[in-house]
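S.K.: Please work out how this folds:
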Amino acid sequence: MSTYLICIPTYNEAENIRGVIERTLATGIPGLSILVIDDGSPDGTANIVEAMAQGLANSRIHLLKRSSKSGLGPAYLAAFAWALEHSFDYVVEMDADGSHQPEELGRLLDASRDADLVLGTRWMTGGKVENWPFYRRAISRIGTWYAEIALKVPYKDLTGGYRVLSKNLLETLDLRSIQTLGYGFQIEIAMRAFDAGLKVAEVPITFIERTQGRSKMSKRIVFEALERTTIWGFQRRFNRR
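M.R.: Alright, predicted model coming up:
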C-alpha cells in the first residue's frame, strides 16, 4: 500500500485548519497522513493541530513548527525533507484555507500512479474557479501563460498549489538549490520536473476562494514569480544555444 503525506503550510489559519484536516481525514484514503507546517502563527493555529493530534489514537496528524514566516517555498522544502525522512511514497501540497477540495484528492492520487508530478489544474477542461474577482483570475491566467511561453513548459496551471509529488521526484531534483520563496516555487518545481524528463499529469480541480481569514498573496510574491520566471527564461534560451 502506498503512503501519502498531505503537507499543509500555515500562518494564521486558526479559522480554517480544523475543517481542512477533518475533511481530508474523512476521505478515508488508506495510507494517508497529514503534516501541518506552521510558521509561528500568533493566532494559535499550531495549538489547534496539536490538540487534534492528541485526540486521535495512533495519530495521522503531525506538526512541524517553524520559528517564523519565511515563505511558501522554505515551508514545503522542510516538509519534503520530513516526508523523505519518514519514507512516504508521495507528498501532496494543499492550502490551509479550504480553496483546495479534499474531496478531489482521490482523483489526483489516482493520476499519481503513472506520474511523478500531478498538477491540480484550474485552467483546463473540467477545472474552474469560484468567488475570485476578475483581477485575480487575470493574474493567475496571465502568470501561467507567461511562464509557459518563457520557459517552454507545456502545462496549463504552473502556479497552482494543489499537486502530488512522488518520492522519486523528490529524490531526483536538487531541492537544496531551490531558493524561490513564494508561488514561483510552484513554477520552479514543474520546470525542473519537465527538464528532468519526469512524467507530469494534469487533473482538473475546482478552486474555491477562502471565506475566512486573509489571503497571503501580495505584490512582492507576484513580482518575485515574474522576476524569477524571466531570469529562468533567458537562462534556458542561452543555455540551449
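
S.K.: For this protein, which segments are assigned as strands?
M.R.: 4-10, 32-38, 61-65, 90-93, 117-121, 128-130, 163-166, 200-204, 206-208 (DSSP state E).

S.K.: These: which one's closest to Tyr146?
M.R.: strand 117-121 (16.5 Å; C-beta to C-beta). C-betas here are computed from N, CA, C, even on glycine.

S.K.: Name the strands paired with that closest one and say parallel or antiparallel.
M.R.: Applying DSSP bridges, strand 117-121 is found paired with strand 163-166 (antiparallel), strand 200-204 (parallel).

S.K.: Please tell me how far the last one is from the chain's geometric centre.
M.R.: Put plainly, it is strand 200-204. With C-alpha atoms, centre = their mean, to the nearest Å as the basis, strand 200-204 stands 14 Å off its chain's centre.

S.K.: do the shortest one as well
M.R.: A distance of 9 Å separates the C-alpha centroid of strand 163-166 from that of its chain, computed with C-alpha atoms, centre = their mean.

S.K.: Please export the C-alpha coordinates of it as PDB.
M.R.: Written as PDB, here are the backbone C-alpha positions of strand 163-166 (Å, rounded to 0.1, in the frame of the first residue of the first chain):
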ATOM      1  CA  ARG A 163      -0.400  18.800  -6.500                       C
ATOM      2  CA  VAL A 164       1.100  15.400  -5.800                       C
ATOM      3  CA  LEU A 165       4.900  14.800  -5.900                       C
ATOM      4  CA  SER A 166       6.400  11.300  -5.900                       C
END
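
S.K.: Same question for that strand: list its buried residues.
M.R.: Going by neighbour count (16 or more other C-beta atoms under 10 Å), the buried part of strand 163-166 is 163-166.

S.K.: Can you list the neighbours in contact with it?
M.R.: Identification of contacts with strand 163-166 by C-beta atoms under 8 Å, 6 or more residues apart in numbering yields 4, 80, 89-93, 108-109, 111-112, 115-120, 186, 189.

S.K.: tell me, how many neighbours does Pro9 end up with?
M.R.: Per other C-beta atoms under 10 Å, the neighbour tally for Pro9 reads 27.

S.K.: For it, give me its contacts.
M.R.: 36-39, 72, 75-76, 79, 95-96.

S.K.: Distance from the chain centre to the helix of greatest length in the chain, please.
M.R.: For the chain, the helix with the greatest residue count under DSSP state H is helix 219-239. Remark: helix 219-239 is offset 19 Å from the chain centroid, using C-alpha atoms, centre = their mean.

S.K.: Quick one: list the elements packing against that helix.
M.R.: helix 134-151, helix 184-195 (3 or more C-beta pairs under 8 Å, 6 or more residues apart in numbering; DSSP states H and E).

S.K.: pLDDT averaged over the longest one, what's the number?
M.R.: Spelled out, that is helix 134-151. The average pLDDT within helix 134-151 is 87.
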